[in-house]
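Colleague: need coordinates for the following:
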Amino acid sequence: MAVKLQFGKEARTSLLKGAEILNSAVSVTLGPAGRNVLFRHGGQVISTKDGVTVAKEINLPGVFESIGADLIKSAAGQTVDQAGDGTTTSTLLAYKIFEAGCKAIEEGAEPTQLVRGIEKARDEIVGEYDAKAHKYKGGILEKFAVPTSEKLAFQAARISSNGDDKIAEVVSRAVLQCGIEGALTIGNSASQDHVLEIVDGMQIDSGLAHPYFINDLQRNRAALDNVTVLLVNRRISTDVEASNILSAAIKASQSNGRAVAILILCDDVDPEALNCFVHNRIKTDSPQIPVVVVRTPLFADARRDLLEDIALLTGARRTESPQGKAYETLSTSSFGYAQRVVVTGSKTLISVGPMDQERKAKEFDPYVARLKTIIADEGLRPDQIDAAKGRLAALTGGVAVIKVGGTSANSIVETKFRVEDAIHATRAAVADGVVPGGGSALLFARETFTGSTPCDPTETKDEALGVELLASVLSEPISQIARNAGYDPDEVIKQVLEYESTFQAHTCGFDAKTGAYIDDMIEEGIVDPLRVVRAGLNAAVSAAATTLLRTEAVIGYDAENTPQQIPGMR
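Modeller: Presented below is the predicted three-dimensional model:
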């Protein structure tokens, strides 16, 4: 049968079953005593306790169960997008909200009003989104936060990397050095040690022109080494133009003795040309050409200036092919070189390695001096001066490269997952501060919320039930952390709340690694970035309440009739 349908309780039961299976695999990784999950990927056996990595590997055979699992996965994906970490917590919270919500609906609660109550409680705890600042402000959780010091940045990295001091040291140093928006990438070390290097390069705010360019499905990105770079200050319109560009790029790569890998930055690319690039990336009848196309951000003079900056770093020449020309005359000198290029959905990171000293003195230093002259020119408009300052910072800031070492290929892969988590957690900690870790912040949010929120006379019974429902699941992270470490969750919560009452401060908690109760988790360095906690709760409510609890019918397809998903897309 081509199409399957389920309704009401039957549909929710199937969705919940899929969510339960996913949560069972992911939640065992939570906390310092969390267990690893083993799976095979691309011929390698990988062991990890990274929640979102585990979630991505779970594809259930049941049509409706897989939809439930995928929607809970989306909570982890949304948390990654917003904060880069906290995926296991968001998965656990999403499942628990959905489980409790299904029970409430079966007992007669009206779904829309129930969800309205859940969202109302979420807003009180998380705070209000400030569109200008692109961040959340206020809310109960913010009351527990403190600014991030150098020591706390190290601790945030240490916790996220599963207690690895070496990773924490190199990651916290990298983030503090290059800033929360700085260009930072991961490579391989020539030894067993982790090394931080600052190399020439820059980051631009534009990403993949098409998801088929992705070659690193685990991280949902394209990553190329020893890359031939072409900068086109015009739209690429036809398959003939695309084919000529590829042929010239291949020739340029081979003439320099490099394997073929190509980055094309252009104003825009029409579907006909884009299909040509994509076909060369995915074709099976001959060797694939690793190619990535990125649309250059900005407009007019700002776009031209950006291309000139990238040309300076890579040694490429900004190409201005007149309309009607098909790039058939591109020479080898039109192309530049990048040591490594990493492209996500929204950003492109170009690392060019150390610049030759003679070229630096002849080309780079005079170019930088001209930018400094622009900045010092009081006769220019403020926006022109600001633009020059941004270009100067991008050119001279460089790219921080964390080179990961290890004893085997498998250990390096696993370590890179932890380094990546540590980078995201540290950036989040530096951005918005930290709160007591180990699930304490959400537990105290529950106590503060239930103890201080006045009764709303306009609230319906089911809205009030939704408020209570969300408050009740906020203790699940600390419960799961205790459970994974072999402790009784109820006893742990009881003791933490007694400590909180004794010290009259929202800083105490449970150290699952040692089994000790701590009166000041922040002083001990057991912290969570506030941005991560907020993002995890936000994503959980979005997936479980806003989407799943409002669902009354589900349409599924037999395997052979399932619409094809684009590889690399969540």
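
Colleague: right, and the helix or strand after the longest helix along the chain?
Modeller: In the chain, ranked by residue count with DSSP state H as the criterion, the top helix is helix 409-432. Tracing the chain past helix 409-432, the next element assigned as helix or strand by DSSP states H and E is strand 434-436.

Colleague: list the contacts of that following strand.
Modeller: Counting by C-beta atoms under 8 Å, 6 or more residues apart in numbering, strand 434-436 makes contact with 141, 144-146, 148, 152, 156, 441, 444, 506-509, 521-522, 526-530, 533, all of which sit outside it. C-beta: built from backbone N, CA, C; applies to glycine.

Colleague: one more time with 7 Å
Modeller: For strand 434-436, the surrounding residues in contact (C-beta atoms under 7 Å, 6 or more residues apart in numbering) are 141, 144-146, 148, 152, 156, 441, 506-507, 509, 521-522, 527-530, 533.

Colleague: can you check stretch 20-32 too?
Modeller: Stretch 20-32 is contacted from outside by 34-35, 37, 49, 51, 54-55, 58, 60, 65, 69, 72-73, 88-89, 91-92, 95, 163, 477, 480-481, 484-485, 512-513, using C-beta under 7 Å, 6+ apart.

Colleague: CA-only coordinates of it in CSV, if you can.
Modeller: This file holds the C-alpha atoms of stretch 20-32, laid out as CSV (Å, rounded to 0.1, in the frame of the first residue of the first chain):
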residue,chain,number,x,y,z
GLU,A,20,11.0,6.6,23.4
ILE,A,21,13.5,4.4,21.4
LEU,A,22,15.5,7.5,20.4
ASN,A,23,15.5,8.9,24.0
SER,A,24,16.6,5.5,25.4
ALA,A,25,19.7,5.5,23.2
VAL,A,26,20.6,9.2,23.6
SER,A,27,19.9,9.8,27.3
VAL,A,28,22.4,7.1,28.5
THR,A,29,25.1,9.5,27.4
LEU,A,30,24.1,12.4,29.7
GLY,A,31,26.4,13.6,32.5
PRO,A,32,30.0,12.7,33.6
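
Colleague: list the buried residues of that stretch.
Modeller: E20, I21, L22, N23, A25, V26, S27, V28, T29, L30, G31, P32 (16 or more other C-beta atoms under 10 Å).

Colleague: cool, and stretch 348-359?
Modeller: T348, L349, I350, S351, V352, M355.

Colleague: make sure I58 is actually in contact with A69.
Modeller: Yes: between I58 and A69 there is a contact under C-beta atoms under 7 Å: 6.1 Å.

Colleague: any stretches of the chain with poor pLDDT?
Modeller: Residues of the chain that meet the criterion pLDDT under 70 lie in 1, 84, 284-287, 321-325, 453-455, 457, 558-570.

Colleague: need the longest strand for it.
Modeller: Longest strand in the chain by number of residues, with DSSP state E as the criterion: strand 222-236.

Colleague: partners of it in the sheet?
Modeller: Strands adjacent to strand 222-236 in the sheet, as given by DSSP bridges, are strand 262-269 (parallel), strand 318-319 (parallel), strand 336-343 (antiparallel).

Colleague: follow-up on the earlier one: what is the nearest of the buried residues of stretch 20-32 to A544?
Modeller: Proximity of the buried residues of stretch 20-32 to A544 (C-beta to C-beta) peaks at N23, which lies at 10.8 Å.

Colleague: that older thread, run through the neighbouring helices and strands of the longest helix of the chain.
Modeller: strand 44-48, helix 150-160, helix 165-178, strand 184-188, strand 399-404, strand 527-529, helix 530-541 (3 or more C-beta pairs under 7 Å, 6 or more residues apart in numbering; DSSP states H and E).

Colleague: returning to what we had before: the longest strand of the chain: what's the following helix or strand?
Modeller: Reading on from strand 222-236 to the C-terminus, the next helix or strand found by DSSP H and E is helix 239-255.

Colleague: helices or strands up against that next one?
Modeller: strand 222-236, helix 271-282.

Colleague: make CSV from those and add distance to V45 to it.
Modeller: Converted to CSV, the helices and strands packed on helix 239-255 look like this (distance: least, C-beta to C-beta, whole Å):
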stretch, distance to V45
strand 222-236, 21
helix 271-282, 26
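
Colleague: which residues does the closest residue to V291 other than its chain neighbours contact?
Modeller: Take V291 and drop its neighbours on the chain: the residue closest to it by C-beta to C-beta, 6 or more residues apart in numbering is I262, 4.4 Å away. With contact taken as C-beta under 7 Å, 6+ apart, I262 is in contact with V227, T228, A249, I289, P290, V291.

Colleague: what about the third one, distance to V63?
Modeller: Yep, that's A249 we're talking about. 44 Å (C-beta to C-beta, to the nearest Å).

Colleague: likewise G42?
Modeller: Taking C-beta to C-beta, one finds G42 at 26 Å from V63.

Colleague: so which of those two has more stuff around it?
Modeller: Higher neighbour count among G42 and V63: V63, with 19 against 8, using other C-beta atoms under 10 Å.

Colleague: list the contacts of that one.
Modeller: Contact analysis of V63 by C-beta under 7 Å, 6+ apart lists K4, G556, Y557.

Colleague: out of the strands paired with strand 222-236, nearest to S408?
Modeller: Using C-beta to C-beta, the strands paired with strand 222-236 put strand 336-343 closest to S408, at 22.2 Å.
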